[in-house]
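>>> I need the structure of the sequence given here:
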Amino acid sequence: MTQTAQTIDHQKIASFDTPRDAARFNMIEQQIRTWEVLDPAVLALFNTVPREKFVSESQVGLAFADVELPIGEGQTMLSPKVEGRILQAVGVKKTDKVLLVGTGSGYLTALLATLAAHVHAVEIYPTLSAIAKNRLDQQNIHNVTLHVGDAASGYAEAAPYDVIVFTGSLPLRPVVAEKMLNVGGRLFAVVGELPIMQATLTHRISEDAYRHETIFETCLPVLEDAPQATKFAF
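This is a model prediction of the structure:
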């Protein structure tokens, strides 16, 4: 970074009304943008949807940190940079119907809902779904339908979708869920097993054809009840 850029950054930080605003700016500029999230609409979204409103009161001081915060039931909240890469990859449009597998804290649900026509978010833990509902209501985000259930293989009840996002990793590619995409639809999933997992994007390009690409490497906790690869015994 040049001396000029450093000066501009310090001047901007000094102009913020609260330390929280400065922390939000640092999250966007030092975590999300530096992880190759360059879409202006995605970056602006993190300024629009308040991340601190989707964590517990005791975690507000860590809301903008580059960590996966625990949210109960043994689950964690995705880090901001991963959320940014997901949003940039799936390219949600205002006409899109979205399936989110793993409602979690409700924050990624809120981000997607701000971009989409409607989001169906499925959470296996009723307690987490209830907390997310309360947070979404408090932010006046109502274009979301929350479901409690197991969507490790997708959620056929509201299919088809334009976008599907899995918030936990899967040992295998989610072939069943891919068939729930509309033509032109996109599916994000982290696939593989430790120590190697790959964030993948699937495009449905026709009724019978799909295009798969690896967009970055990361490791996420395994999704509850994710289909497992067959283990051979010798």
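
>>> Show me the helices in the protein, by range?
3-14, 19-26, 40-48, 80-90, 107-115, 126-138, 175-178 (DSSP state H).

>>> can you put the ones you listed in JSON lines and add mean pLDDT and distance to E207?
C-betas here are computed from N, CA, C, even on glycine. Shown next, in JSON lines, are the helices of the chain (pLDDT from 0 to 100; distance: least, Cβ to Cβ, whole Å):
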{"stretch": "helix 3-14", "mean pLDDT": "43", "distance to E207": "49"}
{"stretch": "helix 19-26", "mean pLDDT": "94", "distance to E207": "43"}
{"stretch": "helix 40-48", "mean pLDDT": "96", "distance to E207": "30"}
{"stretch": "helix 80-90", "mean pLDDT": "98", "distance to E207": "21"}
{"stretch": "helix 107-115", "mean pLDDT": "98", "distance to E207": "25"}
{"stretch": "helix 126-138", "mean pLDDT": "98", "distance to E207": "33"}
{"stretch": "helix 175-178", "mean pLDDT": "97", "distance to E207": "12"}
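
>>> Same list (these) but as JSON lines, adding mean neighbour count and distance to F216.
Below are the helices of the chain laid out as JSON lines (neighbours: other Cβ atoms under 10 Å; distance: least, Cβ to Cβ, whole Å):
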{"stretch": "helix 3-14", "mean neighbour count": "10", "distance to F216": "25"}
{"stretch": "helix 19-26", "mean neighbour count": "16", "distance to F216": "22"}
{"stretch": "helix 40-48", "mean neighbour count": "15", "distance to F216": "15"}
{"stretch": "helix 80-90", "mean neighbour count": "23", "distance to F216": "6"}
{"stretch": "helix 107-115", "mean neighbour count": "24", "distance to F216": "17"}
{"stretch": "helix 126-138", "mean neighbour count": "16", "distance to F216": "26"}
{"stretch": "helix 175-178", "mean neighbour count": "16", "distance to F216": "20"}
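
>>> Make JSON lines out of those and add distance to P160.
Below are these laid out as JSON lines (distance: least, Cβ to Cβ, whole Å):
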{"stretch": "helix 3-14", "distance to P160": "43"}
{"stretch": "helix 19-26", "distance to P160": "36"}
{"stretch": "helix 40-48", "distance to P160": "24"}
{"stretch": "helix 80-90", "distance to P160": "15"}
{"stretch": "helix 107-115", "distance to P160": "17"}
{"stretch": "helix 126-138", "distance to P160": "23"}
{"stretch": "helix 175-178", "distance to P160": "11"}
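
>>> what about the ones you listed, which gets the closest to E57?
Closest approach to E57 among the helices of the chain (Cβ to Cβ): helix 126-138, 11.9 Å.

>>> Convert the C-alpha atoms of that closest one to CSV, please.
Provided in CSV are the C-alpha atoms of helix 126-138 (Å, rounded to 0.1, in the frame of the first residue of the first chain):
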residue,chain,number,x,y,z
PRO,A,126,-35.1,-25.3,15.9
THR,A,127,-33.4,-23.1,18.4
LEU,A,128,-31.1,-21.5,15.8
SER,A,129,-34.0,-21.0,13.4
ALA,A,130,-36.0,-19.3,16.1
ILE,A,131,-33.1,-16.9,17.0
ALA,A,132,-32.5,-16.2,13.3
LYS,A,133,-36.2,-15.3,12.8
ASN,A,134,-36.2,-12.9,15.7
ARG,A,135,-33.1,-11.1,14.3
LEU,A,136,-34.5,-11.0,10.7
ASP,A,137,-37.8,-9.5,12.1
GLN,A,138,-35.9,-6.9,14.0
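
>>> which residues are in contact with that helix?
53-54, 71-73, 75, 103-106, 109-110, 113, 121, 123, 142, 144, 146-148 (Cβ atoms under 8 Å, 6 or more residues apart in numbering).

>>> at 10 Å instead, please
Applying Cβ atoms under 10 Å, 6 or more residues apart in numbering, the external contacts of helix 126-138 come out as 53-56, 71-73, 75, 102-110, 113, 119, 121-123, 125, 141-144, 146-149.
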